[in-house]
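Peer 1: just to be clear, the model below is a prediction. Sequence and coordinates:
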Protein chains: 2
Amino acid sequence: MARLPVYLRALNSLLEAEVRSCSSEELATAAGVNSAKLRKDLSHLGSYGTRGVGYDVEYLRYQISREIGLTQDWPVVIVGIGNLGHALANYSGFSSRGFRTVALLDADDSRTGELVAGLKIRAFRELTAIVHEHGVAIGVIATPAAAAQSVCDQMVSAGIRSVLNFAPTVLTVPEGVDVRMVDLSSELQILAYHEQRKAPLTSGAAPAADDEGVA
Amino acid sequence: MARLPVYLRALNSLLEAEVRSCSSEELATAAGVNSAKLRKDLSHLGSYGTRGVGYDVEYLRYQISREIGLTQDWPVVIVGIGNLGHALANYSGFSSRGFRTVALLDADDSRTGELVAGLKIRAFRELTAIVHEHGVAIGVIATPAAAAQSVCDQMVSAGIRSVLNFAPTVLTVPEGVDVRMVDLSSELQILAYHEQRKAPLTSGAAPAADDEGVA
DNA sequence: AAGAGTTTGTGAACGTGGGAACAAACCGAG
DNA sequence: CTCGGTTTGTTCCCACGTTCACAAACTCTT
């Protein structure tokens, strides 16, 4: 389920606040979902709660981590160290929680050796060797759109079976390979779509008061 | 619909290839969706096709752009010019297609004046003035998680009604304000979840998992 | 120990979205 | 003008996900 990471983050927040136990209602509001949905999601991966009491935060956190697979080590390669790749390499959410960036690759040989986030940029042609050496299963594509499909193909033939794609292109992959696409401009467009359907602001002042009515 | 941006990009690709007209089948495969779904989506926003012929690429592209709201000008502010904010400011997909970054804000005053993507970083306290001056309706949050809610609150009180949040936190906003969250680490976790459930290559039992697009 | 009060887990209704099939409409040939 | 081929727009149906509601189970008090 795509909501498990949200639950996990909510549990981490509770843990930081030194909350030892919580009900499904509390956790649901913290995660921004319905409590029944949360209970069904959790029950789908085992009975980790206690009726009349709630869930043990630490225990549930571990169980969800294990379900997601965060108790394993996930070596990751990032290809395309432009602005975005640079940001991803430095992103703390990647390096923590089981994900370990083992290599930064770029097709531009003039950047080889440059130090980013404590790692030296290496040549893209080293991909297959690195994948085999570290047992990499997850690849991140942060290249321009034109190069994405080629990079993806070479990732797949090197043995990578899960791809996180930041390039604005639909990638075609063989059966058994997962692709998740994160399209930054699409997100903005979706916001604009909703924004356009909001208040008919016809050359008026900014409405400071709260408005009712959402789609 | 969240698929309109995908259709739009597919149409742009076709237009670059100088394709004047296309059927729903072609466009659907280019966008990676079912043709019936695409026709239903398009019919929901008007009858822009011709039976027996297909869709005029240029005309449909304009209609979708108008539906999304990309024919308008959308001034955008980005708050938090760390690695990610830096990447976003330089991201071409933002500056093109109606979105115009009018200001980069950061709470760290020592960075004020620094030039990023042709814009000078300004102090976060200028937010309200900038929003009113340019009529900004969309704000992008690229701050650390701890600051995100505070930044969001001030965005909302300044008049922003659509927020794109890259900080790993659930933001609570008043009625009428839209928030879209892009969580980079969640995406990786979802990939890991599916990866963990794939074929154990050592054993012969195939899971018969036909997951191409991940839900 | 028993009952009252909670809270989880789950069974059933509900609504929404996707997919196949079909009718309406358009083009071109004869 | 008519007929066959093609493609859109739409209707129907199914399956999934969400939500409500309730029984099972646990704790605490008396």
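Peer 2: Perfect, thanks for sending it.
Peer 1: rest of the way, CA atoms for contacts and neighbours
Peer 2: Will do.
Peer 1: so what's residue A:48 up against?
Peer 2: By CA atoms under 8 Å, 6 or more residues apart in numbering or on different chains, the contact list for residue A:48 reads A:42, A:55, A:59, A:60.
Peer 1: go again using 7 Å as the cut-off
Peer 2: By CA atoms under 7 Å, 6 or more residues apart in numbering or on different chains, the residues touching residue A:48 are A:55, A:60.
Peer 1: just the CA coordinates for the lowest-mean-pLDDT helix or strand in chain A, please, in PDB.
Peer 2: Least confident helix or strand, chain A: helix A:92-95 with a mean of 78, by mean pLDDT, DSSP states H and E. Provided in PDB are the C-alpha atoms of helix A:92-95 (Å, rounded to 0.1, in the frame of the first residue of the first chain):
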ATOM      1  CA  SER A  92      18.500  13.100   4.000                       C
ATOM      2  CA  GLY A  93      15.300  11.100   3.400                       C
ATOM      3  CA  PHE A  94      17.200   9.000   0.900                       C
ATOM      4  CA  SER A  95      20.300   8.200   2.900                       C
END
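Peer 1: buried ones in that helix?
Peer 2: Going by neighbour count (16 or more other CA atoms under 10 Å in any protein chain shown), the buried part of helix A:92-95 is A:93, A:94, A:95.
Peer 1: quick check: mean pLDDT across whatever helix or strand residue A:87 lives in?
Peer 2: Assigned by DSSP states H and E, residue A:87 belongs to helix A:83-90. Average pLDDT, helix A:83-90: 93.
Peer 1: pull the distance from it to the chain's centre.
Peer 2: On the basis of CA atoms, centre = their mean, to the nearest Å, helix A:83-90 sits 14 Å off its chain's mean C-alpha point.
Peer 1: next: stretch A:70-88.
Peer 2: That offset, for stretch A:70-88, works out to 11 Å (CA atoms, centre = their mean).
Peer 1: got the end-to-end distance for that stretch?
Peer 2: End-to-end distance for stretch A:70-88: 19 Å, by CA to CA, to the nearest Å.
Peer 1: which residues sit against it?
Peer 2: Applying CA under 7 Å, 6+ apart, the contact partners of stretch A:70-88 are A:65, A:97-106, A:116, A:134, A:136-143, B:83-84, B:87.
Peer 1: mark which of the residues you listed are buried, thanks.
Peer 2: Taking 16+ other CA under 10 Å as the criterion, what is buried in the contacts of stretch A:70-88 is A:65, A:97-99, A:101-106, A:136-143, B:83-84, B:87.
Peer 1: helices - which of those residues land there?
Peer 2: Of the positions in the buried ones among the contacts of stretch A:70-88, A:65, B:83, B:84, B:87 sit in helices, assigned by DSSP state H.
Peer 1: neighbours around the nearest residue to residue A:134 once chain neighbours are set aside, how many?
Peer 2: Residue nearest to residue A:134 in three dimensions, not counting chain neighbours: residue A:75, with 6.8 Å by CA to CA, 6 or more residues apart in numbering or on different chains. Residue A:75: 19 surrounding residues under other CA atoms under 10 Å in any protein chain shown.
Peer 1: partner strands of the helix or strand residue A:75 falls within and their direction?
Peer 2: Under the criterion of DSSP H and E, residue A:75 resides in strand A:74-79. In the sheet, strand A:74-79 lines up against strand A:99-106 (parallel), strand A:138-141 (parallel) (DSSP bridges).
Peer 1: distance of residue A:75 relative to residue A:97?
Peer 2: Per CA to CA, residue A:75 is found 11 Å from residue A:97.
Peer 1: hmm, I typed the wrong one, I wanted residue A:182.
Peer 2: 20 Å.
Peer 1: that older thread, in TSV: the strands paired with strand A:74-79, plus distance to DNA strand C and mean pLDDT.
Peer 2: Shown next, in TSV, are the strands paired with strand A:74-79 (distance: least, CA to the nearest atom of the strand, whole Å; pLDDT from 0 to 100):
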stretch	distance to DNA strand C	mean pLDDT
strand A:99-106	28	96
strand A:138-141	26	98
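Peer 1: now the ones you listed as CSV including distance to residue B:16?
Peer 2: Shown next, in CSV, are the strands paired with strand A:74-79 (distance: least, CA to CA, whole Å):
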stretch, distance to residue B:16
strand A:99-106, 27
strand A:138-141, 23
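Peer 1: now distance to DNA strand D too, for these, in TSV please.
Peer 2: Below are the strands paired with strand A:74-79 laid out as TSV (distance: least, CA to the nearest atom of the strand, whole Å):
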stretch	distance to DNA strand D
strand A:99-106	26
strand A:138-141	24
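Peer 1: model confidence over stretch A:187-203, on average?
Peer 2: Stretch A:187-203 comes out at a mean pLDDT of 81.
Peer 1: list the buried residues in that stretch.
Peer 2: Neighbour-count burial for stretch A:187-203 [16+ other CA under 10 Å]: A:187, A:188, A:189, A:190, A:191, A:192, A:193, A:194, A:195, A:196, A:198.
Peer 1: filter those by proximity to chain B?
Peer 2: Under the cut-off given by CA under 7 Å from any CA of the partner chain, chain B has A:189, A:190, A:191, A:192, A:193, A:195, A:196 from these close to it.
Peer 1: where along chain A do the strands fall?
Peer 2: Secondary structure of chain A (DSSP state E): strands at A:21-22, A:49-50, A:54-56, A:74-79, A:99-106, A:115-116, A:119-123, A:138-141, A:162-165, A:178-181.
Peer 1: check the offset of stretch A:5-12 from the chain's centre.
Peer 2: So, by CA atoms, centre = their mean, the centroid of stretch A:5-12 is 13 Å from its chain's centroid.
Peer 1: again, but for stretch A:155-170
Peer 2: The chain centroid and the centroid of stretch A:155-170 are separated by 14 Å under CA atoms, centre = their mean.
Peer 1: can you pull the buried residues of it?
Peer 2: Buried positions in stretch A:155-170, judged by neighbour count with 16+ other CA under 10 Å: A:155-156, A:158-170.
Peer 1: stretch A:37-48 too?
Peer 2: Within stretch A:37-48, the residues that count as buried by 16+ other CA under 10 Å are A:38, A:39, A:42.
Peer 1: for the residues you listed, which one is nearest chain B?
Peer 2: Among the buried residues of stretch A:37-48, residue A:42 lies closest to chain B (CA to the nearest CA), at 14.9 Å.
Peer 1: relative to DNA strand D, how far out is that closest one?
Peer 2: 11 Å (CA to the nearest atom of the strand, to the nearest Å).
Peer 1: any weak-confidence spans in chain A?
Peer 2: Where chain A drops to pLDDT under 70, the residues are A:199-215.
Peer 1: near DNA strand C, which residues of it?
Peer 2: A:22-25, A:36, A:39-40, A:42-44, A:46-55 (CA under 7 Å from any atom of the strand).
Peer 1: next step: those residues restricted to helices.
Peer 2: A:24, A:25, A:36, A:39, A:40, A:42, A:43.
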